[in-house]
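Enquirer: fold the following.
(one chain, ligands or ions: 2)
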Amino acid sequence: MPVFRALARAAQQTVLTPGCGCRPLALAVRHISFSPRQVTSDASFHSVSFSETDHPKVLITGGLGQLGVGLAKLLRKRFGKNNVILSDIRKPPSHVFHSGMTGPFIYSDILDYKNLREIVVNNRITWLVHYSALLSAVGEANVSLARAVNITGLHNILDIAAEHGLRLFVPSTIGAFGPTSPRNPTPDLCVQRPRTIYGVSKVHAELMGEYYHHKYGLDFRCLRYPGIISADSQPGGGTTDYAVAIFHDAVKTGKFECNLKPDTRLPMMYIDDCLRATLEVMESPAEQLSMRTYNINAMSFTPEELVAEVQKQLPDLQVTYNIDPVRQAIADSWPMNFDDENARREWGWKHEYDLPELVTTMLNSIGADSRIASAN
Ligand SMILES: NC(=O)C1=CN([C@@H]2O[C@H](COP(=O)(O)OP(=O)(O)OC[C@H]3O[C@@H](n4cnc5c(N)ncnc54)[C@H](O)[C@@H]3O)[C@@H](O)[C@H]2O)C=CC1
Ligand SMILES: CC(=O)[C@H](N)C(=O)O
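Expert: Ligands and ions are numbered 1, 2, ... in the order given. Got it, this is the predicted structure:
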């Protein structure tokens, strides 16, 4: 076990002996000063520097959610299929598991530090893309699990990345802002007082990543994603999920019940833009990045604007509104428009999909899938 974690654990056990449970002493452990840098030099023979390999060796955590499989596909095209390992705690569908077709999949629970370290060491990982999380709506329904996965899990990831000299990507979100943030547009630097456990955990991730960068030299990179829209992967329980569901329901049933009010404006992005932005920021030379956390944006629309665009192609689509108060309250506290001029200026971010291209692409893709399904 790396020196500083071992010391921390030992110190924690000493002050938290059963029956004692004294909070103030437990807090004192956090003031012992350890530096991941001290163990990085010791552990660095486990890790591989870029000069040793042509390509990074990438581990994606939480890879079976809405975004991970698509990212693995993109990175495998770029770096080779065996250089990108997808991981999760869920059982992978067969097309993901059969590595002959795609690439390696392994079990990894980010709450298990030892398991993470073993994977990083045994596979000589150099880049870590940390996708595991509980999203906004699911997080509000299970705060203690969200706190464990999104905050405790992140601590494991930060320590692993610092100790093994990894380049670390952690996505943040429009949900890292709150009702006191400027909402139209929301700049990179402003008040961040989110009211969800998801948002609080993401602000924590931004700050901890930047702190590890400044204190220990961790190569931490973070993008605040808008709501992401994809055809062949389902969202994991967020506030922006309606903007995915509408396409499936429109194609399959011709009816859609929306859980946000018709005039709720939120920033959104098509998945291909999101994954390309992630690769681009990971490949950007460090000297191009004046910050470690950037907003990225593509479009911004309301449910009624999205419905109108879909109805241009499916005029018979019937839409009703049945507002979910939890999701509506969250959406009302989030940015309406995202200001991403720093990303555009510094590392050349440029989105490709606006609302009309998004709608055409989604309907074509879901329509083609359901035509194939009904033919089989
Ligand atoms: N999809 C979106 O619209 C947006 C996503 N993001 C961020 O991007 C990342 C990926 O998002 P999605 O793929 O949409 O999330 P998702 O909810 O679809 O997938 C998250 C994955 O994390 C896994 N997971 C949960 N607990 C775990 C644990 N203990 N160990 C390992 N894995 C665990 C789940 O099994 C799941 O497959 C998340 O960090 C999310 O906050 C940010 C903004 C927008
Ligand atoms: C925008 C996000 O982070 C996510 N899609 C959610 O709605 O929780």
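Enquirer: the residue in the stretch 51-200 of the chain that ligand 1 sits nearest to - nearest residue in space that isn't next to it in sequence?
Expert: Residue nearest to ligand 1 within the stretch 51-200 of the chain (C-beta to the nearest ligand atom): G65, separated by 1.9 Å. Every residue, glycine included, has its C-beta placed from N, CA and C. Spatial nearest neighbour of G65, chain neighbours left out: G236 (4.9 Å); criterion: C-beta to C-beta, 6 or more residues apart in numbering.
Enquirer: V191: neighbour count?
Expert: Using other C-beta atoms under 10 Å, V191 is surrounded by 11 other residues.
Enquirer: same check, this time on Q288
Expert: Counted with other C-beta under 10 Å, residues neighbouring Q288 total 11.
Enquirer: who's in contact with it?
Expert: E346, W347 (C-beta atoms under 8 Å, 6 or more residues apart in numbering).
Enquirer: in the stretch 201-350 of the chain, what residue comes closest to ligand 2?
Expert: For the stretch 201-350 of the chain, C-beta to the nearest ligand atom, closest residue to ligand 2: G238, 2.4 Å.
Enquirer: follow-up on the earlier one: give me the phi and psi angles of the residue of the stretch 51-200 of the chain closest to ligand 1.
Expert: Per-residue torsions, G65: phi -80, psi -160 (degrees, to the nearest 10).
Enquirer: you'd agree it is up against Y131?
Expert: Yes - taking C-beta atoms under 8 Å as the definition, G65 is a contact partner of Y131 at 6.2 Å.
Enquirer: in stretch 356-374, what counts as buried?
Expert: L358, V359, T361, M362, L363, I366, G367 (16 or more other C-beta atoms under 10 Å).
Enquirer: can you check stretch 108-116 too?
Expert: Here stretch 108-116 shows S108, D109, I110, Y113, N115, L116 as buried, counting by 16+ other C-beta under 10 Å.
Enquirer: and those, which two are furthest apart?
Expert: Based on C-beta to C-beta, the longest span within these runs between S108 and Y113 and measures 11.0 Å.
Enquirer: is stretch 276-284 up against ligand 1 anywhere?
Expert: No - using C-beta under 6 Å from any ligand atom, we find that stretch 276-284 stays clear of ligand 1, coming within 9.2 Å at best.
Enquirer: just the CA trace of that stretch, in CSV.
Expert: C-alpha atoms of stretch 276-284 as CSV (Å, rounded to 0.1, in the frame of the first residue of the first chain):
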residue,chain,number,x,y,z
ARG,A,276,-14.5,14.4,-29.5
ALA,A,277,-14.2,17.4,-27.0
THR,A,278,-13.0,14.9,-24.4
LEU,A,279,-10.3,13.4,-26.7
GLU,A,280,-9.3,16.9,-27.8
VAL,A,281,-8.8,18.3,-24.4
MET,A,282,-6.9,15.1,-23.3
GLU,A,283,-4.5,15.5,-26.3
SER,A,284,-4.0,19.3,-25.9
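Enquirer: show me the contacts for the closest residue to G227 other than its chain neighbours.
Expert: Excluding the flanking residues, the one nearest G227 by C-beta to C-beta, 6+ apart is T240, at 2.6 Å. Applying C-beta under 8 Å, 6+ apart to T240 gives the contacts P226, G227, I228, I229, L266, M268, A331.
Enquirer: most neighbours, which of those?
Expert: P226 (29 neighbours).
Enquirer: what residues are up against that one?
Expert: Neighbour list for P226: I174, T240, L266, P267, M268, M269, I296, N297, A298, S300, F338 [criterion: C-beta under 8 Å, 6+ apart].
Enquirer: same question, E352
Expert: Y270, D272, D273, R276.
Enquirer: if we use 6 Å, what do you get?
Expert: D273 (C-beta atoms under 6 Å, 6 or more residues apart in numbering).
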